[in-house]
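>>> predicted model and sequence follow; I will ask about them next.
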Amino acid sequence: MISKSCRNPDTCNYIIDIGPMGPIGEGEALILRVTRNCPWNKCLFCPTYKGNKFGHRDVEEIKRDINAVKRIENLIKATFEKIGWPGIIKPEIVNMIMIRSYPEIYSKDDHNLTPENYNARLTLNNVVNWILYGKKRVFLQDANSLFMRPNKLIEVLEYLKATFPTIETVTSYARSKTCAQRSLEELEELHKAGLSWLFVGIESGCDEVLKYMKKGINSREHIEGGQKVMAAGIHLAAFVMPGLAGKNGELTERHVLETSRVLNEIKPTEVRIRSLAVLRDSPLYLRWESGEFEAPTEDQMIDEIGMIIENLNFNCIIETLQMTNVLFNLRGELSVEKEKILANIASYKVLPPLERLRFKLNRYLSDGYLEFVKRWGKFDSQLSQLIEKAKEGLREESPDAETKIEQAIFAIKSKGIP
Ligand code: SF4
């Protein structure tokens, strides 16, 4: 966030506003903020924008950010024309050269950065990365860019593409409700202006689950919004959340079947599966603590993934490339790879019990999740004890090993999502 009282005008010319959420798979994209936070902000499982008020950004303000990106690009070009481009080069090296070349913008002192210097470095990071990936993708922040009036969003998209003709793909998050509220013509205009992908959190197709989770939408609106996006020619990635109905029961079955039904009606370009993590900062965590919400086990969520996929009857890309899934590396075109993906899930389920427990625990201890928790400074003694107990249970093959492992995984996931 840019400080309102930017003290150094030189530095402020090289800063853009960047929000908190970087989506998975958008590592090559320029992050451009067109609205701030989430206009809904009530979903029980989501802590991302809680405590922050939604805000529109003026078109002129966003254009200033686009101009700042151009200014940084020009500065990088001028710098490397002077010193010579050394060929294939890592973003960290370009950043370092820029920071050293322009101490008046980025400061030469790493330890006493002003908020402006810090934001200028953050912006530089964003722009350098994007340039090195060929300036092809842009991701519009924050939670629901479609909430912006269509004519204003179109003006931003046109200005963006006129300033950077290399841009091929523009992506954003959106709520189904807002998609449903837009007319087909408005969505078609947005597509024509360059909006190529919308990422929409469907989470569940079951009205009871949606209501409990305060998603603010029902299955009919999900279908209406999704179908309109697809009809307008915009690619749709639909996110769904196994585990959202809580511990296995009749509601879980409806959650799975209704989610598949809604997806079958929408036929999105991609289905992205993101198993539930009950995050410590979310309202859902309080309900779990009070005993009102019973958390699902990891194996239950794997079963749900299998059932959702089993019940899909259209072609799309399906993927589980989210760190909250135990099996987080499944991806394929459904018409070609459905059986293979289901076979992968089945082969996990038939592992001998101890091997399955080991796989599950290692998945969260060794595949990067725990590293992120440590990097965020959220690895505490309580978590350390739970992990040790889980390891001990596994080592001693104790009857409650599975419970201990589930408790450790739950605690790791509650710290955040990498
Ligand atoms: S709409 Fe999205 S960003 Fe907003 S509260 Fe719900 S899950 Fe979070």
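Received the coordinates, thanks. Numbers count the residues shown, from 1 in each chain.
>>> need the longest helix for this protein.
helix 59-83 (DSSP state H).
>>> residues of that one that come out buried?
59, 62, 64-66, 68-69, 72-73, 75-76, 79-80 (16 or more other CB atoms under 10 Å). (C-beta placed from N, C-alpha, C; glycine too.)
>>> average pLDDT for stretch 201-219?
Model confidence over stretch 201-219, given as mean pLDDT, is 98.
>>> who in the protein is up against the ligand?
By CB under 6 Å from any ligand atom, the residues of the chain that approach the ligand are 38, 40-43, 46, 48-49, 143, 175, 201.
>>> let's go with 5 Å and repeat that
With CB under 5 Å from any ligand atom as the criterion, the chain meets the ligand at residues 38, 40-41, 43, 46, 143.
>>> so which of these are in strands?
Assigned to strands by DSSP state E, none of the residues of the chain next to the ligand qualify.
>>> how far does stretch 107-124 sit from its chain's centre?
Taking CA atoms, centre = their mean, to the nearest Å, one finds the center of stretch 107-124 at 26 Å from the center of the full chain.
>>> adjust the sequence numbering to begin at 71 for everything that follows.
New numbering, starting at 71: the last item is stretch 177-194.
>>> residues contacting the longest helix of the chain, please?
For helix 129-153, the surrounding residues in contact (CB atoms under 8 Å, 6 or more residues apart in numbering) are 83-87, 100, 102-104, 164, 167-168, 171-172, 193-194, 197-198, 201, 222, 225-226, 229-230, 233-234.
>>> let's verify Ser266: helix, strand, or coil?
Secondary structure state of Ser266, per DSSP: H, G, I helix; E, B strand; the rest coil, is strand.
>>> that one is in contact with Ser242, isn't it?
No: judged on CB atoms under 8 Å, Ser266 makes no contact with Ser242 at a distance of 9.4 Å.
>>> per-domain residue ranges of this protein.
Listed domain ranges for the chain are 79-422, 423-488 (source: automatic domain parsing).
>>> point out the most buried one among the ones you listed.
Comparing these by mean neighbour count (mean count of other CB atoms under 10 Å), domain 79-422 comes out on top with a mean of 18.
>>> let me know the pLDDT of Ser73.
Ser73 is given a pLDDT of 47.
>>> export the buried residues of helix 129-153 as JSON lines, with columns for pLDDT.
JSON lines is the format used below for the buried residues of helix 129-153 (pLDDT from 0 to 100):
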{"residue": "Val129", "pLDDT": "98"}
{"residue": "Ile132", "pLDDT": "98"}
{"residue": "Arg134", "pLDDT": "96"}
{"residue": "Asp135", "pLDDT": "97"}
{"residue": "Ile136", "pLDDT": "98"}
{"residue": "Ala138", "pLDDT": "97"}
{"residue": "Val139", "pLDDT": "98"}
{"residue": "Ile142", "pLDDT": "96"}
{"residue": "Glu143", "pLDDT": "96"}
{"residue": "Leu145", "pLDDT": "94"}
{"residue": "Ile146", "pLDDT": "94"}
{"residue": "Thr149", "pLDDT": "92"}
{"residue": "Phe150", "pLDDT": "89"}
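>>> the residue of the stretch 321-470 of the chain found nearest the ligand: what's it in contact with?
Closest residue of the stretch 321-470 of the chain to the ligand, CB to the nearest ligand atom: Ser352 (9.1 Å). The contact partners of Ser352, taken as CB under 8 Å, 6+ apart, are 114-117, 120.
>>> and the residue nearest to Cys249 when sequence neighbours are not counted, what are its phi and psi?
With CB to CB, 6 or more residues apart in numbering as the criterion, Cys249 has its nearest non-adjacent residue at 3.3 Å, and that residue is Gly295. Backbone torsions of Gly295, given as degrees, to the nearest 10, read phi -60, psi -50.
>>> show me the contacts for Gly295.
Going by CB under 8 Å, 6+ apart, the list of residues near Gly295 reads 245-251, 270.
>>> try Tyr203
Tyr203 is in contact with Glu98, counting by CB under 8 Å, 6+ apart.
>>> what do you get if the cut-off is 10 Å, keeping everything else the same?
Listed by CB atoms under 10 Å, 6 or more residues apart in numbering, the contact set of Tyr203 reads 97-100, 161.
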